[in-house]
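Peer 1: sequence first, then the predicted structure:
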Amino acid sequence: RADKIICVSNYEKEIVRRDFGISEEDIVVIPNGINVQEIKKAKPFEFDGALILYIGRLEKYKNIHFVIEAMKYLPEDFYFYIGGKGSYERNLKNLIYKLGLEGRVRFLGYISDEEKYRWMKTCSLFVNLSSVEAFGMTVLEALAAGKPVIVNDKGGLSEIAEKFDGVLPVCVDKLSAGQLASIIEGAMGRAVDTNVSEYDWERVVDRIEEIYETLYPSERV
């Protein structure tokens, strides 16, 4: 019954068309926005070593456990920090204990946007290996922080990888822990200078407003 449907990616758009039978002209793709300037102004934490970072929900489909398993094959000065909460946290902690990685893998818990941006400025690599993702806002935030990103080559994440050189897609299901470790080591600290200004919230809001104004011009104040 909607006059227009906004999807955050072409991947999501195709799912909506398939599952609900919506015609293409009734759908518009407008991505989620990020706070570009706040990210650029953020100051990194002091940190010794090479930091891999993940921030998001802690669920099995996010494939955080693959990165933990890869840590066995990475140098001792490589660390993995995990921000967020979720139902899979206990499983991840058990895996860390089993592999003897307690000193190199740390949980940050819930963190504020300010802390998130500072950790993104601190890390040498951001990872998002989720198998199910309509979009990848944290991927764009990491790019805005000037950091390389490794993503799972599926869904909305693959769409971002196709657009930006700073994003490296991998087929998680086909990689061993050692192979993933090799890819991580090669990507760590790679220089990234990506223009993500089109995803700034102000621009995104302008595009959403245009949709409302087109549909309901008489309601404009």
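Peer 2: That came through fine.
Peer 1: quick check: mean pLDDT across the lengthiest helix in the chain?
Peer 2: When the chain is scanned for its longest helix (criterion: DSSP state H), the result is helix 201-215. On average, the pLDDT along helix 201-215 is 94.
Peer 1: buried ones in it?
Peer 2: Going by neighbour count (16 or more other CB atoms under 10 Å), the buried part of helix 201-215 is residue 204. Just so you know, the C-beta spots here come from the backbone N, C-alpha and C atoms, and that holds for glycine as well.
Peer 1: give the contact list for residue 71.
Peer 2: 78, 80, 99, 101, 104, 105, 181 (CB atoms under 8 Å, 6 or more residues apart in numbering).
Peer 1: please indicate which of the residues you listed has the highest neighbour count?
Peer 2: residue 80 (24 neighbours; other CB atoms under 10 Å).
Peer 1: isn't it up against residue 66?
Peer 2: No. Applying CB atoms under 8 Å, one finds residue 80 not in contact with residue 66, separated by 11.1 Å.
Peer 1: give me the contacts around the longest helix of the chain.
Peer 2: With contacts defined as CB under 8 Å, 6+ apart, helix 201-215 is touched by 3-4, 6, 28, 30-35, 197, 219-220.
Peer 1: how far off centre is that helix?
Peer 2: Distance of helix 201-215 from its chain centroid, counting by CA atoms, centre = their mean, to the nearest Å, is 24 Å.
Peer 1: doesn't residue 183 make contact with residue 74?
Peer 2: No. Using CB under 8 Å, residue 74 is not in contact with residue 183; the gap is 10.8 Å.
Peer 1: which residues of the chain fall in strands?
Peer 2: Here the chain has its strands, by DSSP state E, at 5-7, 27-29, 50-55, 78-83, 105-109, 125-128, 149-152, 167-170.
Peer 1: residue 135 is nearest to which of the ones you listed?
Peer 2: Residue 135 lies closest to strand 5-7 among the strands of the chain, at 9.1 Å (CB to CB).
Peer 1: could you name the helices and strands sitting against that closest one?
Peer 2: In terms of contacts (3 or more CB pairs under 8 Å, 6 or more residues apart in numbering; DSSP states H and E), strand 5-7 is packed against helix 10-20, strand 27-29.
Peer 1: from the chain's centre, how far out does the last one sit?
Peer 2: This points to strand 27-29. 21 Å.
Peer 1: avg pLDDT for that strand?
Peer 2: 96.
Peer 1: who's in contact with that strand?
Peer 2: Contacts of strand 27-29 (CB under 8 Å, 6+ apart): 4, 5, 6, 7, 8, 9, 10, 12, 13, 16, 17, 211.
Peer 1: how does it look with 10 Å?
Peer 2: Contact with strand 27-29 is made by 2, 4-14, 16-17, 20, 159, 207-208, 210-211, 214, as judged by CB atoms under 10 Å, 6 or more residues apart in numbering.
Peer 1: for the longest one, same thing?
Peer 2: If you take CB under 10 Å, 6+ apart as the criterion, helix 10-20 is touched by 2, 5-7, 9, 22-24, 26-29, 31, 133-135, 154-160.
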